[in-house]
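S.K.: Using only what follows, build the 3D model:
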Amino acid sequence: MRDYNGLKKEALEILGENLSERLHYHGLAHTLDVLAVCEQYISRDKIEDGKADLLRIGALLHDIGFTISTTQHEEHSAALAGPIMEKYGYPPADVEVVKGLIRSTRVPQRPENHLEEIICDSDLDYLGRDDFYRISNKLFEELKSFSVVSNQTEWNQRQVEFLKAHHYHTLFAKTYRQPKKEQRIKEIQNWLDQGR
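M.R.: Below you'll find the predicted structure:
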């Protein structure tokens, strides 16, 4: 008997109790945001219940590997997914689907089916949203705390590179997220051109 609600409760408890406070971006709020965006896709695309639950589980577990390490976190997440899903009654075939969802979020993203396209676009949905700067500032703080970037200019250079290299996969994101993402590229590039 599959128990999605039990799994969701445990996943959120694990994340809430074990994620480092230095993960300003990859914290519980990000997981809940990705889950909420996946829910919107489930509704819009009329995804049937079984697949919808696997997508939800993928969203809940895609960054749980950060409780182990900040490197190769997708592989750690995939490894943790199996025992958690089995505990709540999910068969091996479902576990493999979720592992695929988790691994597909690794950058550069290479989704191989529609569910993987959805989780990839949900994971980076904010790139084309109005709250882009608020969220990207959290990532800047996180990367600074791990000494990955040292200042705003370096961060802006990385952001432009990342935004230019990134591609959305679903029709919704291409239509409704890509235009604002392109606007962000121009804005940040202008700051760099001004020496910021």
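S.K.: Centroid-nearest residue for the chain?
M.R.: The C-alpha lying nearest the average C-alpha coordinate of the chain belongs to residue 123 (CA atoms, centre = their mean; 2.8 Å).
S.K.: so how many other residues sit close to the residue lying closest to it once chain neighbours are set aside?
M.R.: Excluding the flanking residues, the one nearest residue 123 by CB to CB, 6 or more residues apart in numbering is residue 105, at 4.9 Å. Every residue, glycine included, has its C-beta placed from N, CA and C. For residue 105, the count of nearby residues is 22 (other CB atoms under 10 Å).
S.K.: residues contacting residue 105?
M.R.: By CB atoms under 8 Å, 6 or more residues apart in numbering, the contact set of residue 105 is 62, 74, 119-120, 123.
S.K.: for residue 24, same thing?
M.R.: Applying CB under 8 Å, 6+ apart, the residues contacting residue 24 are 138-139, 141-142, 145.
S.K.: what does residue 169 give?
M.R.: Shown in contact with residue 169 (CB under 8 Å, 6+ apart): 109, 111, 117, 120-121.
S.K.: CSV for those, including secondary structure?
M.R.: CSV is the format used below for these (DSSP: H, G, I helix; E, B strand; the rest coil):
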residue, secondary structure
109, coil
111, coil
117, helix
120, helix
121, helix
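S.K.: In a markdown table, list these along with distance to residue 134.
M.R.: Shown next, in a markdown table, are those (distance: CB to CB, whole Å):
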| residue | distance to residue 134 |
| --- | --- |
| 109 | 23 |
| 111 | 26 |
| 117 | 26 |
| 120 | 22 |
| 121 | 19 |
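S.K.: Can you give me the domain assignment for the chain?
M.R.: 1-123, 126-196 (automatic domain parsing).
S.K.: among those domains, which is the most enclosed?
M.R.: Of those, the one with the most neighbours on average (mean count of other CB atoms under 10 Å) is domain 1-123, at a mean of 18.
S.K.: starting at the chain centroid, how far to that one?
M.R.: 9 Å (CA atoms, centre = their mean, to the nearest Å).
S.K.: Let's test this: mean pLDDT of the top helix by length along the chain, rounded?
M.R.: Across the chain, the longest stretch assigned as helix under DSSP state H is helix 28-45. The pLDDT scores in helix 28-45 average 98.
S.K.: which phi and psi does residue 177 have?
M.R.: Reported as degrees, to the nearest 10, the phi and psi values for residue 177 are phi -110, psi -40.
S.K.: how close does the spatially closest residue to it that is not a sequence neighbour get to residue 77?
M.R.: Distances taken as CB to CB, 6+ apart place residue 128 nearest to residue 177, at 2.7 Å, with adjacent residues excluded. Applying CB to CB, to the nearest Å, the value for residue 128 to residue 77 is 24 Å.
S.K.: How about residue 65?
M.R.: Relative to residue 77, and taking CB to CB, residue 65 is found at 4 Å.
S.K.: Same question for residue 85.
M.R.: For residue 85, the distance to residue 77 equals 12 Å [CB to CB].
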